[in-house]
Each structure stands twice: as structure tokens, then as C-alpha cells.
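[1] predicted model follows, preceded by the sequence.
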Amino acid sequence: QSALTQPASVSGSPGQSITISCTGTSSDVGGYKYVSWYQQHPGKAPKLMIYEVSNRPSGVSNRFSGSKSGNTASLTISGLQAEDEADYYCSSYTTSSIYVFGTGTKVTVL
Amino acid sequence: QVQLQESGPGLVKPSETLSLTCAVSGYFISSGYFWGWIRQPPGKGLEWIGTIYHSGSTYHNPSLKSRVTTSVDTSKNQFSLKLSSVTAADTAVYYCAREKGGYYPDFWGQGTLVTVSS
């Protein structure tokens, strides 16, 4: 099972909105609602930010939103803040009854 | 709130077996959910290793399947990972996590670095 494809880096200025894409196939992203997004600061464990395509866990800012169209899922961060600078990973359940992660995206706040 | 804590040797020799344990607090493993292991080589992305249910049912990454063993001890509220015949390529931060339905991890341990070196 191959890793999902994400852009290596995305950047934006404070207050702007950015979108990170996560491209898979009909065997993973396109076939299930189980797409999730994780934020990882350096030296820290990943933190769940979005689950089941567009749901936010309790305590996660509503500046984070998720969506999906076909085989591509997206994470949008609106009102970008310095604390949003981190690595972001998507994940999807697959037809092989396992889940796979994306290649990861480094978000830089200019 | 559920908390997970990995423990085990930080240094393993090549060809030996890596063994880690994940202690769970704030939730009884026997109550449900799936429990998994994920690793991250230095400077690289995340890789799912395997998942276990409290009943003992297991699911492992096909690329590692023959080397991975996972187990659960509900009496101690912990689960474990063994990875045999390790090489330098197995050097990584190893995370344990709770998994919602086996579909995605929702809570993670802090991670533990395991280095494979002689």
C-alpha cells in the first residue's frame, strides 16, 4: 500500500488561509469516510486535528477544516497563526483493512 | 482522558529483537477500541506497523508482517510490540496509539526513540 501524496511544503502569511491536499486512490481516500489529519510539532507526537473527513475533535480550533472530493482530501487552515507552523499528515483507511499515512507537508508561517 | 506511555530499550543490536510496551491509563483496554503501533524514522514520515484488538485479533503491515508480533495484556492494561531481525532501517521513534475502530489513531503516546546499532 503506497503512501498518500501530499505537497512537501505550503506557506502563508499570518491571517491568510492555506490548503493542504492529500491524494490517494479509490482504494483509500476515494472509497472511505475515514480520512484524518494530524499536526506534528518538532519533537512531539502527532495530534489528531480532523477525523472522518471533516470532523474536529473537542478542543481543536474551528480554523481547521477538512473536505474531500473524489480521491483527494484537503485540510484548510484559516486565519493562519504562528503556532500553526508544523508538519501535517493525512491518513486514510484502505481496502486492505489497514490505514496509510500521507507523505507529510511542512507548513511555514511567513 | 486516555494516556499512553511507551517503554523499552533505546538501543538494540542488529539482528536482535526490538521489544516495546505501551501502558494505558484513563481507559480500560478491555472496554473496546483498537490499539496500534506507528513509527517514524528520523526526519521522515509516519508508517503504520500493526494493530491489535483487546480480544487478541491482530493486523500487521504487510511490509513488516513476518517480523512483527503484537500482544495485549488486559490485566496490566498494556499492549506490546516485538520486531525481530532488526536492521539500521528500523531506527525510528516508535509510537503507540489508540485507534478508533481500527480506522485511525485518535490518541498517541509521546513516542520513544529506538536506535539499531552495534
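    Everything's here; your move.

[2] from here on, just use CA atoms for contacts and neighbour counts.
    Fine.

[3] and B:Leu83, bridged to which residues?
    Assessed by DSSP bridges, B:Leu83 has beta-bridge partners B:Leu18, B:Val68.

[4] right, and it touches B:Thr17 too?
    Yes: B:Leu83 lies in contact with B:Thr17 (CA atoms under 8 Å); the separation is 5.5 Å.

[5] looking at chain B, which helix or strand does the model trust least?
    strand B:58-60 (a mean of 90; mean pLDDT, DSSP states H and E).

[6] what's that strand in contact with?
    Residues outside strand B:58-60 that contact it (CA atoms under 8 Å, 6 or more residues apart in numbering or on different chains): A:Ile98, B:Ile49, B:Gly50, B:Thr51, B:Ile52, B:Val68, B:Thr70.

[7] okay, and the beta partners of B:Trp58?
    In this structure residue B:58 is Thr, not Trp. Beta bridges link B:Thr58 to B:Ile52, judged by DSSP bridges.

[8] hmm, I typed the wrong one, I wanted A:Val109.
    With DSSP bridges as the criterion, A:Val109 is bridged to A:Gly12.

[9] wait, it touches A:Ala86, no?
    No: look at A:Val109 against A:Ala86 with CA under 8 Å: they stay out of range, at 9.1 Å.

[10] how close does A:Gly102 sit to A:Leu4?
    Using CA to CA, to the nearest Å, we find A:Gly102 at a distance of 4 Å from A:Leu4.

[11] can you tell me which residues in chain A are near chain B?
    Contacts of chain A with chain B, taken as CA under 8 Å from any CA of the partner chain, map to A:34-36, A:44-48, A:91-93, A:98-104.

[12] go ahead and confirm A:Trp37 touches A:Met49.
    Yes: with contacts counted by CA under 8 Å, A:Trp37 reaches A:Met49, the gap being 5.5 Å.
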